[in-house]
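Asks: pasted the sequence and its predicted model underneath.
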Amino acid sequence: MVNRKLNYKKLGIFCGVILIVILILAYIIYSFVSDIKLKQSVEYKLTEVGYTDNEIKVIVKSLDEKQVEKIVSSKYKKNLTKFLKEKYFIYDNLEKYLDYASEYKDLSATQVVAMVNTKANTEWYTDIKETDTSKGSTMLVNKFYGLKEDYVPEDLIEVSGTYGYAGWYVSESIYDDLVDMLDSARSKGYTMVVSQGYRSYEDQQKAYKSIQNSSGDSVADREAARPGHSEYQTGLSIDISPFYKIEGESSQSDEYKWLSENCYKYGFIVRYPEGKSGITGFSTDLWRLRYVGKKVSMQIYNEGITFDEYYAYYIDK
């Protein structure tokens, strides 16, 4: 019997070849599995829809899993990430943002979001909801939220002659903060009083009808609320007037500057500020204040938004 000597060199080559084959197969399998995983990933799917890497980063960061899946299953939305970057973006309003932006191309994303969130992109006094009075100082009354004809605050209190003209009432819940604000103003040399307070549904009806008869529907809707849609009826809305005559533009007066810069400290906001008529639906009324509570008033003041915007994003979202 012939003894064959083991050829270690050939064995080494053979084992090397086997190892290379195994590595190649492993790489092919790994690549195949990775390719499958890649094609199943949200990022890949978004790329297939047409989104860029930068857009994908914004989408994944801003939306939850279900929302991203909806984006993946729809066509490419050109201005999507522009709206996702907006502070007050509400996902359920996305299609409305896109539609409104395509119609009004001169508006910024911020303006579009504000208009849509507050329903100001629709016709006034349509799709009206009943005001949720259980929200107290944060109840909303505007051209889309209305009070019942028989709604009367249970805690109405007459404003003292020291702080207002005779015959005006407000909700007792705001009275202490109102007095503190007016006392603080007087300590700075500014004497201001309440010149308008609670107004019933019937009184608002008369006020609206008067303007309507003299100036027409469009002016009436711009200058006054229809009955049931006035915040005066809540007892939380007031007009403030300087007690002494002001020379020149009242908005440039020291009294108004103090009021606009300090009323939030006492739970009040300027309800109809300049430049916001498109959102509030009413003409600018710088002396019209609304009580919303100190926490909310501070946030509204710091963020520079209207109560309508605050309500849409923080309460009704």
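Replies: Alright, I've got the coordinates.
Asks: isn't F89 up against V113?
Replies: Yes - at 6.2 Å, F89 counts as touching V113 under the criterion of CB atoms under 8 Å. To be clear about C-beta, it is placed using only N, CA and C from the backbone, and glycine gets the same treatment.
Asks: what do those two both touch?
Replies: Common contact partners of F89 and V113 (CB atoms under 8 Å, 6 or more residues apart in numbering): F83, Y97.
Asks: who's more crowded, the two?
Replies: Under the neighbour definition other CB atoms under 10 Å, F89 and V113 were set side by side, and V113 has more, 26 against 18.
Asks: for the stretch 151-300 of the chain, give me the ranges with low pLDDT.
Replies: Scanning the stretch 151-300 of the chain for pLDDT under 70 picks out 248.
Asks: now the helices for it?
Replies: Taking DSSP state H, counting those that start in this stretch as the test, the helices found in the stretch 151-300 of the chain are 172-187, 201-215, 217-223, 254-262, 277-280, 294-303.
Asks: domain ranges for this structure, per the record?
Replies: Structural domains of the chain, as assigned by automatic domain parsing, span the residue ranges 51-117, 129-315.
Asks: so for S41, which of the ones you listed sits nearest?
Replies: Among the domains of the chain, the nearest to S41 by CB to CB is domain 51-117 (10.2 Å).
Asks: for that closest one, measure first residue to last.
Replies: One end of domain 51-117 to the other measures 26 Å (CA to CA, to the nearest Å).
Asks: what average pLDDT does that domain get?
Replies: Taken as a whole, domain 51-117 carries a mean pLDDT of 95.
Asks: tally up the residues packed near the nearest residue to P153 once chain neighbours are set aside, please.
Replies: By the measure of CB to CB, 6 or more residues apart in numbering, the closest residue to P153 outside its immediate chain neighbours is G235, 3.9 Å from it. Residues lying near G235 (other CB under 10 Å) number 24.
Asks: go ahead and confirm G235 touches Y198.
Replies: Yes - with contact defined as CB under 8 Å, G235 reaches Y198; the gap is 4.6 Å.
Asks: quick check: neighbours shared by the two?
Replies: With CB under 8 Å, 6+ apart, G235 and Y198 have common neighbours P153, L156, Y169, V170, S171.
Asks: picking up where we left off before, how close does the residue nearest to P153 sit to G167?
Replies: G235 sits 14 Å away from G167, going by CB to CB, to the nearest Å.
Asks: swap in S214?
Replies: Relative to G167, and taking CB to CB, S214 is found at 24 Å.
Asks: how about the helices in the stretch 1-150 of the chain?
Replies: Going by DSSP H, counting those that start in this stretch, the stretch 1-150 of the chain shows helices at 8-40, 42-49, 53-62, 65-72, 80-84, 94-103, 109-117.
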